[in-house]
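Visitor: task: produce atomic coordinates for the following.
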Amino acid sequence: MKRVHFIAIGGSAMHNLAIALHRQGFDVTGSDDEIFEPSRSRLDRLGLLPDKLGWRPEDITTDIDAVILGMHARIDNPELLSAQELGIPVFSYPSYFYERTRTKTRVVIGGSHGKTTITSMIVHVLRHAGVEFDYLVGAQLDGFDCMVKLSDTSKVAIIEGDEYLASALEPVPKFHLYKPDIALISGIAWDHINVFKTFESYVDQFRKFIALIEPGGKLVYCAEDDEVKKLALEPDAGATKIPYGVPGHRIDDGVTVLETGHGDVPLQVFGRHNLQNLEGARHVCHLLGIGDKEFYTAMRTFHGAARRLEKLAEVPGRSVFKDFAHSPSKLKATLEAVREQFPQRRLVACMELHTYSSLSEGFLDQYAGSMDSADTAIVFYDPHAVQLKRLPPVPTERVRSAFGRADLLVLNDPIAVMGAVREGIGGDSVLLMMSSGNFGGLDLQALSEAFIA
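Guide: Residues are numbered from 1 along each chain as shown. Got it, this is the predicted structure:
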């Protein structure tokens, strides 16, 4: 399939896959009705940016070998209808990635949290070891300019397995389409409530994921997560089970040090959840032939994935981090990690309610107690984002009661967030900014510089 057309090419994974195929020599075209940064600039630099926005069914011709359909495109998309009429094979990007890697050892990392970091750790170690591999990762990594790679010669594919739906034609979780030889589940906490209306239906997606492991395959799972452990130990879960938890460690002067049979290993990441992630990654790498000594050597230089406890600024006694945390479990784990790492500092934490789940009345109470570790807790949400998701308005008091903190500061204006954070400056302190959005366009670099000044 040498000519491939992307419908909704601007998506995070979609545009990376388009770039990967372009680099392989494929003739790549695409369309979309909106394309934001950084997708726009990256596509433009390679001549892959559509010359105008919108759908053009007349561009779907019989010389196209495959169409890749993004989740953003609807079932009645005119280009999709044209492709179907012409009999052109249509794939979601997960099903296409599977087709290209079906003869390889596929490692799929799943879980409500930690999957990007674990995938990034494995990719970092394999690269350090000089192993050739395909990959599909959801975040930017140091030393990688594209987060998808496909090769004709590699024997392994490392895949971040998202549980959200693949496409309008394949309305199933993406990680159901990869059929892993090695699967990992990091944790389960209810998410995507617009699709999975109950916690039970959400958990069932992971049960199905386990059932899709190839015969003779392996399941690496976090035994410290009750829901994951329960699924892994069900009698129908036929794969070989490999549990993991938090490895031995200590914190020396703000640095987390692993205590291993190969000596002490100082890390550049921290927090119990990241130590769990690291231990899960170690087991996967071991299954791929990487020994512990080589694994630990590589992990000394792992900085973390983009927006996962990413350090924005630091001076003695003050630090600023940003994190992708937005769900209750991620929020709690991230705050507790920072509190454990900097126990003597004042912790100022600000999170944005941005996703459909987080802004939904039926989900808000899941946030109870999730920001208790912070000395100053701030929640921001943009009323316009609520309108775009066609949800009812969220009263300030409702947010405060959901989090269970009478002193919670609830804000709707990015400028007010800047002011509230500045008021929190004083003595040794840490600022933690958490969101899957952008705080209404807030300049986080300027905010960081103000906090450490």
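Visitor: what residues does the helix or strand bottoming out on mean pLDDT in the chain touch?
Guide: Within the chain, no helix or strand scores below helix 383-388, which has a mean of 82 by mean pLDDT, DSSP states H and E. With contact meaning CB atoms under 8 Å, 6 or more residues apart in numbering, helix 383-388 is reached by His354, Leu359, Pro392, Pro393, Val394, Asn412, Gly437. (Each C-beta comes from the backbone N, C-alpha and C, glycine too.)
Visitor: for the last one, what are its contacts?
Guide: Taking CB under 8 Å, 6+ apart, we find Gly437 in contact with Glu352, His354, Asp382, Ala385.
Visitor: who wins for most neighbours among these?
Guide: The residue in the contacts of Gly437 with the most neighbours, by other CB atoms under 10 Å, is Glu352 (26 neighbours).
Visitor: once you drop chain neighbours, what's closest to that one?
Guide: Among residues not flanking Glu352 along the chain, Ser435 sits closest, at 3.6 Å (CB to CB, 6 or more residues apart in numbering).
Visitor: what's the average pLDDT for the host helix or strand of Val348?
Guide: For Val348, the element it lies in under DSSP states H and E is strand 346-352. When pLDDT is averaged over strand 346-352, the result is 94.
Visitor: ditto for stretch 76-96
Guide: Mean predicted confidence for stretch 76-96 is 97.
Visitor: got a list of contacts for it?
Guide: 1, 5, 7, 13-14, 17, 31, 55-62, 64-71, 73, 99, 166-170, 174-175, 177-178.
Visitor: and for stretch 131-148?
Guide: Residues from elsewhere that reach stretch 131-148 (CB under 8 Å, 6+ apart): 12-13, 16-17, 19-20, 23, 97, 100-101, 104, 115-116, 119-120, 123-124, 126-127, 149-151, 153-160, 162, 288, 290, 303, 305-308, 324.
Visitor: what subset of the residues you listed is buried?
Guide: 13, 16-17, 19-20, 97, 100-101, 115-116, 119-120, 123-124, 126-127, 149-151, 154, 156-160, 162, 288, 290, 303, 305-308, 324 (16 or more other CB atoms under 10 Å).
Visitor: now for the helix or strand that contains Asn274, which elements pack on it?
Guide: Assessed by DSSP H and E, Asn274 sits inside helix 272-287. Helix 272-287 is packed against helix 115-128, strand 182-185, strand 218-222, strand 240-244, strand 255-260, helix 292-299, helix 328-341, with contacts defined by 3 or more CB pairs under 8 Å, 6 or more residues apart in numbering; DSSP states H and E.
Visitor: relative to helix 272-287, how tilted is the last one?
Guide: Using axes from the mean of the first three to the mean of the last three CA atoms, to 10 degrees, one finds that helix 328-341 and helix 272-287 are set 100 degrees apart in direction.
Visitor: elements contacting helix 328-341?
Guide: By 3+ CB pairs under 8 Å, 6+ apart, helix 328-341 packs against helix 272-287, strand 318-323, strand 346-352, strand 429-434.
Visitor: any chance of these in JSON lines, plus distance to Leu312?
Guide: Listed next are the helices and strands packed on helix 328-341 as JSON lines, based on distance: least, CB to CB, whole Å:
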{"stretch": "helix 272-287", "distance to Leu312": "18"}
{"stretch": "strand 318-323", "distance to Leu312": "4"}
{"stretch": "strand 346-352", "distance to Leu312": "13"}
{"stretch": "strand 429-434", "distance to Leu312": "8"}
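Visitor: any idea which of the ones you listed gets closest to Val228?
Guide: helix 272-287 (10.6 Å; CB to CB).
Visitor: only alpha carbons, please: show the closest one as PDB.
Guide: The C-alpha trace of helix 272-287 is given here as PDB (Å, rounded to 0.1, in the frame of the first residue of the first chain):
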ATOM      1  CA  ARG A 272       5.600   5.900  43.800                       C
ATOM      2  CA  HIS A 273       3.600   5.800  40.600                       C
ATOM      3  CA  ASN A 274       6.700   6.300  38.500                       C
ATOM      4  CA  LEU A 275       8.600   3.600  40.500                       C
ATOM      5  CA  GLN A 276       5.700   1.200  39.700                       C
ATOM      6  CA  ASN A 277       5.900   2.300  36.100                       C
ATOM      7  CA  LEU A 278       9.700   1.600  36.000                       C
ATOM      8  CA  GLU A 279       9.200  -1.900  37.600                       C
ATOM      9  CA  GLY A 280       6.600  -2.700  35.000                       C
ATOM     10  CA  ALA A 281       8.900  -1.500  32.200                       C
ATOM     11  CA  ARG A 282      11.700  -3.600  33.600                       C
ATOM     12  CA  HIS A 283       9.700  -6.800  33.400                       C
ATOM     13  CA  VAL A 284       8.700  -6.100  29.800                       C
ATOM     14  CA  CYS A 285      12.300  -5.300  28.800                       C
ATOM     15  CA  HIS A 286      13.400  -8.600  30.500                       C
ATOM     16  CA  LEU A 287      10.900 -10.500  28.300                       C
END
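Visitor: quick one: that helix to chain centroid distance?
Guide: Put simply, helix 272-287 sits 16 Å off its chain's centre (CA atoms, centre = their mean, to the nearest Å).
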